[in-house]
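[1] using only what follows, build the 3D model:
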Amino acid sequence: PPLPACPSFWPPRRIEEDIMSQQQQEDGYYPRLNSSLLSSGRHAGMIVSLVGKVASSDGSVARFLCADGGVVRVLVEPDFSVGPNVAVEVVGAANEDGTVQHFVTRELGSDFDLDVYNKMLEVQHDPRFAEYFTPI
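    Alright, predicted model coming up:
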């Protein structure tokens, strides 16, 4: 007899794959944002990058102090841990409620200049310079 059709949950998919199917995003490209850019809602459903410092974490939500001084709630796993006063990049999925589902953390060090990084973001997101910052 023929095999039954596989249910929609098979084969299993990663969260990142589901998000990518919701909105087309260049492979390997994710927008670099601060809290202000994230709060615009234009990046919901996309994989994004935030740079800043972890202000606190309770094992499920980290309060993340972005380069522009704003705070973003990052949904993390219980074993999430970052050293004090260390700048990090958080890559994750932007949710419609303004939170970010954490995928990867990269430590940038204690001497990373968040003010300069935030100024770079302002230039990168300025429409006058869009041609220099779009994926190829």
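[2] alpha carbons only for contacts and neighbour counts from here, please
    Fine.
[3] can you show me the helices along this structure?
    In the chain, the helices defined using DSSP state H lie at 15-22, 35-39, 114-124.
[4] where among those helices is the average confidence lowest?
    In terms of average pLDDT, helix 15-22 trails the rest of the helices of the chain, at a mean of 46.
[5] where does pLDDT dip in this protein?
    1-25, 136 (pLDDT under 70).
[6] quick check: the residue lying closest to E107 once chain neighbours are set aside vs V71, distance?
    Sequence neighbours aside, V88 is the residue nearest to E107 in space, at 4.4 Å (criterion: CA to CA, 6 or more residues apart in numbering). According to CA to CA, to the nearest Å, V88 stands 14 Å off from V71.
[7] please identify which of these two sits among more neighbours.
    V88 (22 against 19; other CA atoms under 10 Å).
[8] tell me who's in contact with the more buried one.
    51-53, 105-109 (CA atoms under 8 Å, 6 or more residues apart in numbering).
[9] swap in D111?
    86-87.
[10] check A94 too.
    Contacts of A94 (CA under 8 Å, 6+ apart): 38, 43-48, 100-101.
[11] of those - the most surrounded one?
    Going by other CA under 10 Å, V100 tops these with 29 neighbours.
[12] pretty sure it contacts V74?
    Yes - with contact defined as CA atoms under 8 Å, V100 reaches V74; the gap is 4.8 Å.
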